[in-house]
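Engineer: give me a model of this one.
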Amino acid sequence: MFASAAVIFLQNLQQDDTTLSNHQQRFNKLLQDIQQISYKVHIHHLREDTDLETTLTEFLKLHDIVITIGNLTEELFTAVAKVYDEHWTDDCKETSREINEDSDSSEYKYFQIITEQQNHILKLHRFYFIESDCVDLDFTQLLKQLNSFTRKPVYSKVFHYNKSDKRANEFVDKLISRENGVRCKKLTENEVIVSSGSIEEINALHQHFVDSYEVENSFVLDEYEEEILNSPCIFIQEAIQYIKECFDLYKPENVFICFNGGKDCTVLLHLMMLILRTYYSNFNRPVFCMYVQSKKPFPQVTAFIDKLKKYYNLDVHTLTLGIKDGLAAILQDKPNLKACLMGTRRSDPFSANLRHFQATDNGWPEIMRVSPLLDWEFAHVWDYLLSFKVPYCCLYDEGYTSLGNVDNTLKNPQLLNEDTGAYYPAYRLLKSTKERSGRM
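Structural biologist: Here you go, the predicted model:
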């Protein structure tokens, strides 16, 4: 959970201390509001002659969120691009030009517009940019976004049970009467929704329902469904469209997902389940997952996959063969399968030139590979996981950024805090080109 925000006032060289103090006071209400949503706010002042790239890099290493207040200049955006990835520089420069020319553009490749008023507040992953002359703006949307990172997670599941099962009704009544722990609410006479901040608690309840009562069906109900479906992020919207296109072309029952517990396929699984529930509600069978298990998997990865298997009601098929032979065996057993959803991104090995829909190569079992996250960056993945409280493997909080197996994966040296010897969590990694630095 995020806890720290650096607020940076970018000051002109001509500003004296009095002018600077007055400028900061104009934003005091915003600073107080940020503190109210559980951030510890650190205020800094930077002059125009500061080495922005170096300074902003240090701030992002120390804080979860960085907010700059000042002129949205090309120098600022170029510095920020270099903090993350050099290839963003051209888009950042173009964004700066459009803003300063009062362009009415409503969409940029990497930047997200937070306010509907003339580009006053922009977001680029853990950076937020506020123009210094927009103190009178409504900051509701900004605070809502910041709050998404600090809010407590809520996990919910709906159970359909036999309404004539007296014991089930008595158990549901007990859950409803609880004052602490799991929240429970009846939706219909044979349908109940349970919610908790713990997936383990939801899974335990699921197991109790299945073992003790006549459960006809159950499914996950995402707390942040509307936020995701209506997200202004073009990468999320494109992924949703590719997944829907896949289901429309091949039908949900003929699609499976390749899931190994990593961050990318965790995002994909979450999106897939949300889309199935929203647009294909008649599909009520377990989703088939292909898990290609390495020779020495991390125990934490195995435990995480098992946790999501129970939570999402997944049909997980574990392959210990090579992926080619394993895929052939799956298709022989399930010849109806036509397409595989994959969490591949262009930064993955041998993936730079992939298409979103691409058939397997010659000599491989025939299947359509569908990669909805192909154009996502490392930071997009973490934006999604953290903002929408998607459960992910605990190894990412320990300094791992790319998961292989016990023998070929180390904590990413880019995340080492040399002062303490501890490692920052994966989302603190800045350069996506260093994502696989822990792989041997």
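Engineer: show me the shaky parts of the protein.
Structural biologist: 1, 12-23, 48, 86-88, 91, 93, 96, 99-110, 115-119, 133-137 (pLDDT under 70).
Engineer: how does it divide into domains?
Structural biologist: Domains of the chain are assigned by automatic domain parsing as 4-150, 155-220, 228-378.
Engineer: for F288, phi and psi?
Structural biologist: The phi/psi pair for F288 (degrees, to the nearest 10) reads phi -80, psi 130.
Engineer: am I right that it is in contact with Y312?
Structural biologist: No: F288 is not in contact with Y312 according to CB atoms under 8 Å; the separation is 11.7 Å. Using the backbone N, CA and C atoms, a C-beta is placed for each residue, glycine as well.
Engineer: in the stretch 1-150 of the chain, which spans are helices?
Structural biologist: 17-26, 28-36, 52-62, 74-84, 89-100, 140-150 (DSSP state H, counting those that start in this stretch).
Engineer: what's the answer for the stretch 301-440 of the chain, then?
Structural biologist: 323-333, 378-387.
Engineer: looking at those helices, which one is packed in the most?
Structural biologist: Of all these, helix 378-387 has the most neighbours on average by mean count of other CB atoms under 10 Å, namely a mean of 22.
Engineer: now do the host helix or strand of A204: distance to the chain's middle.
Structural biologist: Using DSSP states H and E, A204 falls within helix 199-212. On the basis of CA atoms, centre = their mean, to the nearest Å, helix 199-212 sits 26 Å off its chain's mean C-alpha point.
Engineer: please apply the same query to stretch 197-215.
Structural biologist: Put simply, stretch 197-215 sits 26 Å off its chain's centre (CA atoms, centre = their mean).
Engineer: what's the answer for stretch 366-379, then?
Structural biologist: With CA atoms, centre = their mean, you get 15 Å for stretch 366-379.
Engineer: residues contacting D264?
Structural biologist: Applying CB atoms under 8 Å, 6 or more residues apart in numbering, we find D264 in contact with G343, T344, R345, L373, W376, V381.
Engineer: the first one contacts L373, doesn't it?
Structural biologist: Looking back up the chat, that one is G343. Yes: between G343 and L373 a contact is recorded at 5.6 Å, counting by CB under 8 Å.
Engineer: which neighbours do those two have in common?
Structural biologist: Contact criterion CB under 8 Å, 6+ apart; residues shared by G343 and L373: D264, V267, L268.
Engineer: so which of those belong to helices?
Structural biologist: D264, V267, L268 (DSSP state H).
Engineer: tell me the spacing between the last one and E179.
Structural biologist: Pointing back at L268 there. 38 Å (CB to CB, to the nearest Å).
Engineer: N412 is nearest to which of the domains of the chain?
Structural biologist: Among these, domain 228-378 comes nearest to N412, with 11.1 Å by CB to CB.
Engineer: from the chain's centre, how far out does the closest one sit?
Structural biologist: Relative to its chain's centre, domain 228-378 lies at 16 Å (CA atoms, centre = their mean).
Engineer: neighbour count winner among G343 and L373?
Structural biologist: Taking neighbours as other CB atoms under 10 Å, G343 and L373 compare with L373 leading, 27 against 24.
Engineer: quick one: residues contacting that one.
Structural biologist: Counting by CB under 8 Å, 6+ apart, L373 makes contact with F235, A239, D264, V267, L268, G343, T344, R345, V381.
Engineer: redo those residues as TSV? Include distance to L72.
Structural biologist: Listed next are the contacts of L373 as TSV, based on distance: CB to CB, whole Å:
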residue	distance to L72
F235	22
A239	28
D264	31
V267	30
L268	34
G343	34
T344	34
R345	29
V381	26
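Engineer: re the thing from before, show me the contact partners of the helix holding A204.
Structural biologist: For helix 199-212, contacts defined as CB under 8 Å, 6+ apart pick out 155-157, 159, 161, 167-168, 171, 181-182, 194-196, 215, 218, 307, 310-311, 391.
Engineer: if we go to 7 Å?
Structural biologist: Where contact means CB atoms under 7 Å, 6 or more residues apart in numbering, the residues beyond helix 199-212 that reach it are 155, 157, 159, 161, 167, 182, 194, 196, 215, 218, 307, 310-311, 391.
Engineer: for that helix, buried residues please.
Structural biologist: Across helix 199-212, burial judged by 16 or more other CB atoms under 10 Å covers I199, I202, N203, L205, H206, F209.
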